[in-house]
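>>> sequence and predicted structure, then a few things I'm wondering about:
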Amino acid sequence: MTISVVRIDDRVIHGQTMTRWTKARPVDGILVVGDSIAHNQLRRKVLKAAANELKVGIYTTDEAPDKIQKGIDSQKRFFLISDSPQTFAKLVKMQIDFGKVVNVGPMNTRPGTKVIGRTVAIDQADYDAFEVMANAGIDVQFQLLPDDEIKHWPAMKAKFDSME
């Protein structure tokens, strides 16, 4: 499989993505999936500029299955990223195989969220999406930077559940 890393990061492509993650998990290109991202021309331009020399493809959830498969079939290595766990839950429900690990980076505070870790705030929709992934056998790992300790979904889930 040529997907080097699958990540959820609310900022998608930014300094840490380019200076830390693409060095720790070498990639030749970035596949961004998200309907709101794909339909926002300004955000598309900003993300492509942030990727420097790396080629970036930005796709809707409906376009993603074909593009992910092309990435897997190619000789190149790709970083698959979205700003939302719901996007990956939709792909799981569509039976798209993007690997068995999803790395979760920053998901900053938004209305209705509970802070369950450093730079991780989730709401019920995020929780449900992580459950879809976990129930499909995907290891959901929370990790801000490549050298940070990994926290797994069951521990983060327990923290969320204890706040209710």
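Right, received. Where do you want to start? On a predicted model such as this, the values are computed, not experimentally measured, just so you know.
>>> run through the residues that contact Val27.
By Cβ atoms under 8 Å, 6 or more residues apart in numbering, the contact list for Val27 reads Ser4, Val5, Leu54, Arg77, Phe78, Phe79. Every C-beta, even on glycine, is put in place using the N, C-alpha and C of the backbone.
>>> actually, Arg11.
Going by Cβ under 8 Å, 6+ apart, Arg11 touches Thr17, Asp83, Pro106.
>>> next, count neighbours for the closest residue to Lys114 other than its chain neighbours.
Nearest residue to Lys114, sequence neighbours excluded (Cβ to Cβ, 6 or more residues apart in numbering): Met163, at 5.0 Å. Residue neighbour count, defined by other Cβ atoms under 10 Å, stands at 8 for Met163.
>>> Met163 and Thr2, how far apart?
Met163 sits at a distance of 39 Å from Thr2 (criterion: Cβ to Cβ, to the nearest Å).
>>> equivalent analysis for Lys100, please.
For Lys100, the distance to Thr2 - Cβ to Cβ - is 15 Å.
>>> could you dump stretch 132-150 to CSV, C-alpha only?
Coordinates of the C-alpha atoms in stretch 132-150 are reproduced here as CSV (Å, rounded to 0.1, in the frame of the first residue of the first chain):
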residue,chain,number,x,y,z
VAL,A,132,-17.4,3.6,13.1
MET,A,133,-13.6,3.4,12.4
ALA,A,134,-12.8,1.5,15.5
ASN,A,135,-15.6,-1.0,14.9
ALA,A,136,-14.2,-1.5,11.4
GLY,A,137,-10.9,-2.6,12.9
ILE,A,138,-9.1,0.7,12.4
ASP,A,139,-6.6,1.8,15.1
VAL,A,140,-7.5,5.4,15.8
GLN,A,141,-4.3,7.0,17.2
PHE,A,142,-4.1,10.5,18.7
GLN,A,143,-0.7,12.1,18.2
LEU,A,144,0.1,15.7,17.6
LEU,A,145,3.7,15.2,16.3
PRO,A,146,5.5,12.1,15.1
ASP,A,147,7.7,11.8,18.2
ASP,A,148,4.8,12.3,20.7
GLU,A,149,3.3,9.5,22.6
ILE,A,150,0.3,7.8,20.9
